[in-house]
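**Q** Coordinates only, no sequence provided:
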């Protein structure tokens, strides 16, 4: 069965929405990472997540995070054919955002933030736990039958990021999102030799969150 031009346009809009959300999310992180006091970066990023979630959820599901896309696929909320395009759109948005942020900061003579040296075991644990909680909250407020039609999902998702960032940013840069991790690496906040830590912990955390969410909601829980 052929897909109509109108349907193809609708599918493409989802990818554009994911690109836009990831772009402004990573832009916010890169532009505020060296803010003083440091908690301003977490607050600004959390508020941006709230904004882009409410503005993009009805179009694409408001993932803006490959870990969320993987979890949504595992929970049956994202078609297999959309998984890779979503992830590509998110990474593209993050890459362009980090490049533009670097240009804007350098044009003002801003000093690049120092590269964070990560210890493998603590960094893996921190990013894994933060990602599990972030994705778990996302799934429970957007896909569980009992939360269907709620209006607090954006606040819960954004607030969870802020809490996770406060809890774990002293150990890592507090990404919990491979697109953010790539942006931070390109901005020289973390080293290229450490990016595998984020990719492994974030994607594994998203997958684990999907199974945990399924378990706590029950084997017969309906997905919105």
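**A** It's in. Model, not experiment: these values are computed from the prediction. Numbers count the residues shown, from 1 in each chain.

**Q** correct me, but residue 181 touches residue 199?
**A** Yes - applying Cβ atoms under 8 Å, one finds residue 181 in contact with residue 199, separated by 6.9 Å. (Each C-beta comes from the backbone N, C-alpha and C, glycine too.)

**Q** Quick check on these two: which one has the bigger neighbour count.
**A** More neighbours surround residue 181 than the other of residue 181 and residue 199, with 29 against 16 (other Cβ atoms under 10 Å).

**Q** can you pull the contacts of the more buried one?
**A** Going by Cβ atoms under 8 Å, 6 or more residues apart in numbering, residue 181 touches 173, 175, 190, 195, 198, 199, 202.

**Q** Restricted to helices, list those residues.
**A** 195, 198, 199, 202 (DSSP state H).

**Q** Check those and tell me the two furthest apart.
**A** 195 and 202 (10.5 Å; Cβ to Cβ).

**Q** neighbour-wise, which of these two wins?
**A** residue 202 (29 against 18).

**Q** In terms of pLDDT, where does residue 5 sit?
**A** Residue 5 carries a pLDDT value of 61.

**Q** ditto for residue 39
**A** At residue 39, pLDDT is 82.

**Q** Wait, it touches residue 166, no?
**A** Yes - judged on Cβ under 8 Å, residue 39 makes contact with residue 166 at a distance of 6.9 Å.

**Q** tell me the contacts of the residue positioned nearest the centre of the chain?
**A** By Cα atoms, centre = their mean, the chain has its centre lying nearest to residue 65, at 3.2 Å. If you count contacts by Cβ under 8 Å, 6+ apart, residue 65 has them with 22, 90, 134, 135, 176, 177, 178, 179, 180, 206.

**Q** Likewise for residue 206?
**A** 65, 66, 67, 68, 69, 70, 71, 131, 135 are the contacts of residue 206 under Cβ under 8 Å, 6+ apart.

**Q** Find the nearest non-adjacent residue to it, please.
**A** Closest residue to residue 206 apart from its sequence neighbours, by Cβ to Cβ, 6 or more residues apart in numbering: residue 67 at 3.2 Å.

**Q** for residue 65, phi and psi?
**A** phi -160, psi 120 (degrees, to the nearest 10).

**Q** And it, what's its pLDDT?
**A** pLDDT, residue 65: 98.

**Q** can you tell me how far it sits from residue 181?
**A** 10 Å (Cβ to Cβ, to the nearest Å).

**Q** And for residue 164?
**A** 14 Å.

**Q** quick one: low-confidence ranges for this structure?
**A** 1-10, 35-36, 108-114, 219-224 (pLDDT under 70).
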